[in-house]
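K.L.:
Here's my sequence, what's the structure:
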Amino acid sequence: MNFHVSFIIRQCGRVGAMLVLAMTCLPAAGADSSFAGIRAVEGREGTRFPNTAGPEVKSNLTLRDAVRLTLQHNPELASFDKEMRALEGVTLQAGLLRNPQLSVDVDNAGNMGSGNGQRAIKQNVEQQDLIIRISQLIELGGKRAARVNAASLGQALAGKDFETKRLELIARVANVFTEVLAGQEQLRLAEESQRLAQQVVDTVKRRVQAGKVPPIEETKVGVAFSTTRISLGQAQRELAAARKRLALLWGDTTPEFGQVLGMLESMVVLPDLAALTERVLSNPMADRARKGIEHRKALLEVEQSRRIPDITLAGGMIKHWESGGTTAIVGISMPLQLFDRNQGNLREAYQRLDKAQDEQAATDLRLKAELIQAYESLAAAENEISILRGEILPAARSAFEVTNKGYELGKFGFLEVLDAQRTLFQNQVLYVRALANYHRLVNEIERLIAAPLDGVARQGAHEPAYTDFTDDKE
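P.N.:
Now for the predicted structure:
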């Protein structure tokens with residue numbers, strides 16, 4: 001199975017469906033969705049590195065499985081889920097009507113008179129009036145619709161934040177997965193180097209016993225063998241640390257998987273930079289910046305609507321105790337906006353809108369700059385891999401085999417054998433690191449364009465450019 005990570009964006013507008021899809025990682029049939037997916041591409045040409053973990057005691061892990069576990073259990077992503085749910089309440093609250101007010105007044109309540117006895121008290125009570133009034137605030141100028149629109153756009157912004165964090169998390173998983181994959185290969189190389197060093201040790205011992213070389217060479221080869229043990233221990237520690245970092249992404253403190261499966265030597269066709277630059281502007285970060293402008297415009301409309309005064313309608317009745325009659329009352333009131341016409345909030349809203357437009361332009365420039373840097377670095381990494389694979393590694397391997405064979409025949413010295421072995425091992429490690437860096441850059445570009453690199457070329461051929469990793473059929 002190929003290693004490299006691919007992102008998929010399906011554009012739509014229903015945040016709720018996207019959220020369910022992202023958190024459950026299950027396909028939602030018949031519902032709109034907007035989510036980033038990932039797939040490990042299979043079938044490309046390349047040499048799979050051999051399995052070196054020994055007998056399997058735990059199930060192996062694919063990149064697809066690592067992403068699924070992370071999206072389901074990562075607490076950082078879950079916090080964005082909670083924020084989106086909270087903003088659903090904000091949108092609901094923005095659309096509610098204001099509650100009516102009930103007031104009950106008693107007119108002339110403190111006038112109990114100066115007479116004495118029950119008759120005087122009764123006369124005074126009968127002179128009072130009971131006033132019952134219900135009033136309702138009527139919002140004018142489209143205030144409630146403006147609030148709902150602004151709250152809905154705020155919820156959409158949270159959805160874009162969710163998509164951005166999801167893309168970043170997928171890229172982080174892919175990068176750590178690459179580190180584990182490269183760590184497995186570096187461990188294999190360290191074990192192979194130690195095995196070759198042991199062969200040299202055995203050869204030197206035989207030559208010392210035969211009296212062909214002085215005993216000091218056996219001491220020297222022992223020192224060289226000890227350095228391979230150090231390299232092996234370092235490779236083991238680095239692999240263990242990378243495995244823990246990968247497991248922590250979905251909340252496990254101890255890795256509960258065997259090997260990670262993938263192909264470091266798989267390569268992708270690098271599309272034209274112009275095509276990628278066009279795609280980078282559809283990144284959720286760029287979409288969020290544009291959506292932020294819409295949100296600021298909606299907030300400006302809210303402040304503009306507040307310039308129009310609201311009215312309060314009131315109606316009720318007056319109960320006259322003395323006459324026993326009832327009188328209906330109606331009223332209307334509104335504020336006189338002589339001093340406060342919402343000037344300060346309007347000025348702030350205009351400036352916030354200008355700021356959002358500047359942020360959108362800055363975001364586009366930053367994404368393009370990051371894309372160009374990653375693109376050039378990827379081209380350089382591809383060239384480095386090509387030289388290492390086609391020229392340096394075959395020459396280093398051939399030099400070691402010839403030198404080792406020549407040492408057995410007495411044609412080369414011991415130091416030449418050690419130098420050839422060290423050169424071969426160093427270039428093999430450099431090759432693995434170059435492959436890991438290559439895939440890290442592929443991940444970065446796919447994060448920026450929110451799509452697989454090979455999908456960009458397929459889109460030019462009018463073919464679908466995405467595959468949902470939840471629909472994998474194995």
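K.L.:
Show me the helices in the stretch 251-400 of the chain, by range?
P.N.:
Counting by DSSP state H, counting those that start in this stretch, one finds helices in the stretch 251-400 of the chain at the ranges 273-280, 284-305, 343-387, 393-408.
K.L.:
Looking at the ones you listed, which is nearest to residue 103?
P.N.:
Residue 103 lies closest to helix 284-305 among the helices of the stretch 251-400 of the chain, at 27.5 Å (Cβ to Cβ). The way it works is simple: take the backbone N, C-alpha and C, and place the C-beta from them, glycine included.
K.L.:
then that closest one to PDB, C-alphas only?
P.N.:
Extracted as PDB, the C-alpha positions of helix 284-305 are listed here (Å, rounded to 0.1, in the frame of the first residue of the first chain):
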ATOM      1  CA  PRO A 284     -10.800  26.200   4.200                       C
ATOM      2  CA  MET A 285      -8.500  28.800   5.600                       C
ATOM      3  CA  ALA A 286      -9.100  31.000   2.600                       C
ATOM      4  CA  ASP A 287     -12.800  30.200   2.700                       C
ATOM      5  CA  ARG A 288     -12.900  31.200   6.300                       C
ATOM      6  CA  ALA A 289     -11.300  34.600   5.500                       C
ATOM      7  CA  ARG A 290     -13.900  35.200   2.800                       C
ATOM      8  CA  LYS A 291     -16.700  34.100   5.100                       C
ATOM      9  CA  GLY A 292     -15.300  36.400   7.800                       C
ATOM     10  CA  ILE A 293     -15.900  39.400   5.400                       C
ATOM     11  CA  GLU A 294     -19.500  38.200   5.000                       C
ATOM     12  CA  HIS A 295     -19.800  37.900   8.800                       C
ATOM     13  CA  ARG A 296     -18.500  41.400   9.300                       C
ATOM     14  CA  LYS A 297     -21.000  42.800   6.700                       C
ATOM     15  CA  ALA A 298     -23.800  41.000   8.600                       C
ATOM     16  CA  LEU A 299     -22.600  42.600  11.900                       C
ATOM     17  CA  LEU A 300     -22.600  46.000  10.100                       C
ATOM     18  CA  GLU A 301     -26.200  45.400   9.100                       C
ATOM     19  CA  VAL A 302     -27.000  44.700  12.700                       C
ATOM     20  CA  GLU A 303     -25.600  48.000  13.800                       C
ATOM     21  CA  GLN A 304     -27.200  49.900  11.000                       C
ATOM     22  CA  SER A 305     -30.600  48.400  11.900                       C
END
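K.L.:
any idea of the mean pLDDT for it?
P.N.:
Average pLDDT, helix 284-305: 94.
K.L.:
who's in contact with that helix?
P.N.:
9, 36, 141-143, 146-147, 149-150, 153-154, 156-157, 160-161, 163-164, 167, 280, 342, 345-346, 348-350, 352-353, 355-357, 359-360, 363-364, 367, 450 (Cβ atoms under 8 Å, 6 or more residues apart in numbering).
K.L.:
which of the residues in that helix are buried?
P.N.:
Neighbour-count burial for helix 284-305, with 16 or more other Cβ atoms under 10 Å as criterion, is recorded at 284-293, 295-305.
K.L.:
count of neighbours near residue 191?
P.N.:
16 (other Cβ atoms under 10 Å).
K.L.:
Distance check, it against residue 167.
P.N.:
37 Å (Cβ to Cβ, to the nearest Å).
K.L.:
cool, residue 177 as well?
P.N.:
The separation that residue 177 has from residue 167, given Cβ to Cβ, amounts to 15 Å.
K.L.:
In this structure residue 244 contacts residue 255, no?
P.N.:
Yes: Residue 244 is within contact range of residue 255, at 6.2 Å (criterion: Cβ atoms under 8 Å).
K.L.:
quick one: which of those two has more around it?
P.N.:
Applying other Cβ under 10 Å to residue 244 and residue 255 shows that residue 255 carries more neighbours, namely 18 against 15.
K.L.:
what's the more buried one in contact with, if anything?
P.N.:
243, 244, 246, 247.
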